[in-house]
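*Asks:* A structural model of the following input is requested.
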Amino acid sequence: KNKEYGITLFFEGKKVLLEGFVDSGNMLRDAFSDTPVIICNYQKVKPLFNEKLDKVFSKEKFEIGFYGDIITSGYSDRFRVIPFETIDGEGVLAAIIIDKAILHTAQNNQKIEKIIMAVTHKKIAGGEFDVLLSPELISF
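*Replies:* Now for the predicted structure:
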């Protein structure tokens, strides 16, 4: 089965078209809603953010003032902190509930509402892809 998909992310009237890869190891879920999480490269999703959101997501680590920036962003009800564990270690990713996403293939499009997007400053698959998708999101 093909594991590569185009994906359009929508947030607050803005959108970006990215290249996604289904990672069978991506089992991240939001602790509150039990929703699967996608992981996106910061530079690729930066166009979705206003100045206040960019101030939050531009930080590579949770620094002093991080939570204050979330509160003053006006989006605190949409923020999530997603813990993760990999072979290289463990940590947390800042995430936000975006409006929707559309997965694209040559045959079909799949709309996903209220998707949770975690942001990383690391390259995804060596920079080959922009988004790591959860296999649970793919229904076609």
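*Asks:* lowest-confidence helix or strand of the chain?
*Replies:* In the chain, the helix or strand scored least confidently by mean pLDDT, DSSP states H and E is helix 66-73, which has a mean of 80.
*Asks:* Can you spell out which helices and strands pack onto the helix or strand following it?
*Replies:* In the C-terminal direction, the helix or strand that comes right after helix 66-73 (DSSP states H and E) is strand 79-86. Packed against strand 79-86 by the contact rule (3 or more Cβ pairs under 8 Å, 6 or more residues apart in numbering; DSSP states H and E) you find strand 89-97, strand 116-120. The way it works is simple: take the backbone N, C-alpha and C, and place the C-beta from them, glycine included.
*Asks:* give me that answer again for 6 Å
*Replies:* strand 89-97 (3 or more Cβ pairs under 6 Å, 6 or more residues apart in numbering; DSSP states H and E).
*Asks:* what angle do the helix or strand that the strand it packs on is followed by and strand 116-120 make?
*Replies:* The helix or strand immediately downstream of strand 89-97 is strand 100-104, counting by DSSP H and E. For strand 100-104 against strand 116-120, the angle by axes from the mean of the first three to the mean of the last three Cα atoms, to 10 degrees is 80 degrees.
*Asks:* hmm, back to that, from the chain's centre, how far out does the least confident helix or strand of the chain sit?
*Replies:* Offset of helix 66-73 from its chain centre (Cα atoms, centre = their mean, to the nearest Å): 18 Å.
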